[in-house]
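Peer 1: sequence first, predicted model second:
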Amino acid sequence: MPINIPEQLPARELLKEEKIFVMDERRATTQDIRPLNILILNLMPEKEKTELQLLRLLGNTPLQVNVSFLNTATYESKNVSKNHLESFYTTFDRVKNRRYDGLIITGAPIEHLQFEDVAYWDELKLIMDWSTTNVTSVLHICWGAQAALYHHYGIDKFELPKKLSGVYSHQLTDPTIELARGFNDLFNAPHSRYTSVSIEEIEQEPRLQLLAVSEEAGAFIVLSKDGKHIMITGHLEYDACTLAEEYERDLKKGIDIDMPENYFPNDNPKKQPLNTWRSHTHLLFSNWLNYYVYQETPYVWE
């Protein structure tokens with residue numbers, strides 16, 4: 001999928017090095033097709049890393065995609081330059097009258113807070129409510145998935161005895177669902193969080209379907225039966241080294257934390273971890289864009 005992103009975005013050159021098809025605006029306007037418009041609400045602290053991870057995945061099918069980045073107006077990120085935000089991000093007030101084919105709401109390392117105690121919770125609720133009428137399908141990641149389950153379906157998160165960090169095996173509950181098309185019956189995915197959600201509550205909610213579960217990590221892929229909301233409790237978008245970077249960061253902070261499980265070769269942190277989830281990550285994003293966005297979105301929003 002050619003992705004149309006700002007020419008000066010730092011991720012652009014890295015994507016080109018990886019042979020991801022990046023299109024400039026001049027070429028995009030010469031194609032007689034209606035591109036998909038995808039909005040990304042990036043709540044992660046290291047925004048440039050998340051930009052690269054997500055753009056890499058959005059650039060993997062034959063469709064043309066215009067990508068815009070959204071940040072919160074009620075909370076200013078401390079881990080990215082103000083210039084970067086002003087150059088490449090917008091706020092909800094500037095887009096609330098627009099329609100988007102897809103929206104991605106990322107995770108955020110704030111699971112220790114009650115949702116109502118999050119500085120931008122009221123703003124996020126406005127965005128999630130707006131998305132029900134102005135967005136065809138929304139992909140929620142990690143904390144973003146927990147926020148969606150709580151706001152839309154009343155399913156709260158609960159604290160785990162210790163941080164869930166590692167790469168875990170997951171099993172599909174229904175391989176005929178389009179979101180899982182091409183998946184193996186068993187597949188790996190990374191997790192990095194202190195909280196979880198109840199499988200029982202998800203299964204009791206008639207508007208939801210639990211598509212993938214892990215014996216160690218619990219509920220993983222949850223989708224609304226109307227395709228509007230897709231909730232991923234882990235981090236399929238992570239690079240091979242991301243969990244290692246988080247582990248080193250936590251150790252430097254003096255946090256008492258276990259080594260990520262099933263991650264480092266022979267449980268040796270000095271060895272380079274392998275990405276064993278990449279193919280299923282690309283499948284999930286491709287299936288979401290095709291079956292839940294492209295096939296469902298109107299050619300012209302009324």
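Peer 2: Ah, there it is.

Peer 1: ok, and the helix or strand in this structure with the lowest average confidence?
Peer 2: helix 25-28 (a mean of 50; mean pLDDT, DSSP states H and E).

Peer 1: who touches the next helix or strand after that helix?
Peer 2: As assigned by DSSP states H and E, the chain's next helix or strand after helix 25-28 is strand 36-41. Contact with strand 36-41 is made by 51, 54, 58, 63-72, 95, 98-106, 124, 127, 135, 144, 289, 293-294, 297, as judged by CB atoms under 8 Å, 6 or more residues apart in numbering. From N, CA and C alone the C-beta is placed, and that goes for glycine too.

Peer 1: what packs against the longest helix anywhere in the chain?
Peer 2: Ranked by number of residues, the top helix in the chain under DSSP state H is helix 121-134. With contacts taken as 3 or more CB pairs under 8 Å, 6 or more residues apart in numbering; DSSP states H and E, helix 121-134 sits against helix 92-95, strand 100-105, helix 143-153.

Peer 1: mean neighbour count, the ones you listed: which tops it?
Peer 2: strand 100-105 (a mean of 25; mean count of other CB atoms under 10 Å).

Peer 1: how far off centre is that strand?
Peer 2: The chain centre lies 10 Å from the centre of strand 100-105; the measure is CA atoms, centre = their mean, to the nearest Å.

Peer 1: can you tell me what sits against that strand?
Peer 2: 36-41, 43, 54, 124, 127-128, 131, 134-141, 144, 147-148, 288-289, 292-294, 297.

Peer 1: about what we covered before: buried sites along the longest helix of the chain?
Peer 2: 121, 123-124, 127-128, 130-131, 134 (16 or more other CB atoms under 10 Å).

Peer 1: could the residues you listed go into JSON lines alongside pLDDT and distance to Leu284?
Peer 2: What follows is the buried residues of helix 121-134, written out as JSON lines (pLDDT from 0 to 100; distance: CB to CB, whole Å):
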{"residue": "Trp121", "pLDDT": "97", "distance to Leu284": "27"}
{"residue": "Glu123", "pLDDT": "97", "distance to Leu284": "27"}
{"residue": "Leu124", "pLDDT": "98", "distance to Leu284": "23"}
{"residue": "Ile127", "pLDDT": "98", "distance to Leu284": "22"}
{"residue": "Met128", "pLDDT": "98", "distance to Leu284": "21"}
{"residue": "Trp130", "pLDDT": "98", "distance to Leu284": "24"}
{"residue": "Ser131", "pLDDT": "97", "distance to Leu284": "19"}
{"residue": "Asn134", "pLDDT": "96", "distance to Leu284": "23"}
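
Peer 1: distance to Val167 for those - can I get that in CSV?
Peer 2: What follows is the buried residues of helix 121-134, written out as CSV (distance: CB to CB, whole Å):
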residue, distance to Val167
Trp121, 30
Glu123, 33
Leu124, 29
Ile127, 31
Met128, 29
Trp130, 35
Ser131, 30
Asn134, 36
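
Peer 1: from Arg193, how far out is Pro62?
Peer 2: Between Pro62 and Arg193 the computed distance is 34 Å (CB to CB, to the nearest Å).

Peer 1: before we move on, the earlier item: could you dump the helices and strands packed on helix 121-134 into TSV and include mean pLDDT and distance to Val213?
Peer 2: Output for those, formatted as TSV (pLDDT from 0 to 100; distance: least, CB to CB, whole Å):
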stretch	mean pLDDT	distance to Val213
helix 92-95	96	33
strand 100-105	97	22
helix 143-153	98	14
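
Peer 1: is it possible to get JSON lines of those that adds distance to Asp267?
Peer 2: Formatted as JSON lines, those follow (distance: least, CB to CB, whole Å):
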{"stretch": "helix 92-95", "distance to Asp267": "44"}
{"stretch": "strand 100-105", "distance to Asp267": "33"}
{"stretch": "helix 143-153", "distance to Asp267": "27"}
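
Peer 1: relative to Tyr247, which of those is closest?
Peer 2: helix 143-153 (18.6 Å; CB to CB).
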